[in-house]
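S.K.: okay, here's the prediction I keep looking at, along with the sequence it came from:
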Amino acid sequence: MKNKDDDKLKKELEIRFNQFTPKLIRLKEVDRRAAILINIQEHNNELKVLMVKRASEPNDPWSGQIAYPGGRMEKSDSDTLETAIRETFEEVGLNVTKKEIIGKLSEVRTHVNNIVVTPYVSFKSETKELELNSEIVNGLWVPIKTFNYKRFKRMKIFHDKDIVKTRTCYVFEGQIIWGLTRKISFELNKILGKQNYN
């Protein structure tokens, strides 16, 4: 059940995102579209976002990584927002409506497969047990303060056919958040600023 405090917090967050102008990417003919959904909830007076650990899959470039729910746009999707909402429901069972969308972040391009990703932000205060599909190992509610730049770490990470490279990342409960997800999370923290209830 929503309460007045939830409505007030949602409005405060909407103001922050309305003051932000996301950067858009000029699409190339070879580009494909994808979208993710960053759902914010307040837990014990602390803002947290829903992240997922993807299942290990040999043909998935993001196999086993920490990410936000989302995926590639399908022909049946009217736009990338519909993609984000559909994929989130399919992956974790969280049924977000367009009225619960409070913002949008800058588009980012993946380093593989020519995919342009559009991140959307929602505020859904109702809590329910996540219903994970086979693509997801588990869900994590990660405090937004995790994405403060002062928490950056440099770590050696296996990727690109087991090649080890040093990357900037965040670490939450032993899980490494890096790459595209780290970049998106950093922008989220910047938008909310010092008053993001860290």
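M.R.: Looks like it arrived, so ask away. Model, not experiment: these values are computed from the prediction.

S.K.: for this structure, longest strand please?
M.R.: Once the chain is assigned using DSSP state E, the strand that runs over the most residues is strand 32-43.

S.K.: let me see the mean pLDDT of that strand.
M.R.: Over the span of strand 32-43, the pLDDT mean works out to 95.

S.K.: for it, which strands pair with it and how are they oriented?
M.R.: Here the strand partners of strand 32-43, with direction, are listed using DSSP bridges: strand 46-54 (antiparallel), strand 70-72 (antiparallel), strand 115-123 (parallel).

S.K.: most tightly packed of these?
M.R.: strand 115-123 (a mean of 24; mean count of other C-beta atoms under 10 Å). Heads up, the C-betas are built off the backbone N, CA and C, glycines and all.

S.K.: got the buried residues for whichever helix or strand comes after that one?
M.R.: Counting by DSSP states H and E, the element after strand 115-123 in chain order, helix or strand, is strand 136-143. Of the residues in strand 136-143, those with enough neighbours to count as buried (16 or more other C-beta atoms under 10 Å) are 136, 139, 142, 143.

S.K.: ok, and what's touching strand 136-143?
M.R.: Taking contacts as C-beta atoms under 8 Å, 6 or more residues apart in numbering, the residues outside strand 136-143 that touch it are 41, 43, 46-55, 66, 69, 91-92, 130, 132, 172-173, 175, 177.

S.K.: kindly report the same for stretch 98-113.
M.R.: By C-beta under 8 Å, 6+ apart, the surrounding residues in contact with stretch 98-113 are 10, 13-14, 16-18, 20, 22-25, 31-32, 34, 38, 40, 61, 81, 85, 115-124, 180, 183-184, 187-188, 191.

S.K.: any buried residues in that stretch, and which?
M.R.: In stretch 98-113, counting by 16+ other C-beta under 10 Å, buried: 100, 101, 102, 103, 104, 105, 106, 107, 108, 110.

S.K.: swap in stretch 90-100?
M.R.: Along stretch 90-100, the positions that meet the burial threshold by neighbour count (16+ other C-beta under 10 Å) are 90, 91, 92, 93, 94, 96, 100.

S.K.: next one: it to chain centre, how far?
M.R.: Averaging C-alpha coordinates over stretch 90-100 and over its chain gives two centres that are 13 Å apart (C-alpha atoms, centre = their mean, to the nearest Å).

S.K.: distance between the ends of it?
M.R.: Using C-alpha to C-alpha, to the nearest Å, one end of stretch 90-100 lies 17 Å from the other.

S.K.: again, but for stretch 133-147
M.R.: End-to-end span of stretch 133-147 (C-alpha to C-alpha): 27 Å.

S.K.: number of residues surrounding residue 78?
M.R.: The local packing count at residue 78 equals 8, with neighbours defined by other C-beta atoms under 10 Å.

S.K.: same check on residue 30?
M.R.: Should you count by other C-beta under 10 Å, residue 30 turns out to have 7 residues around it.
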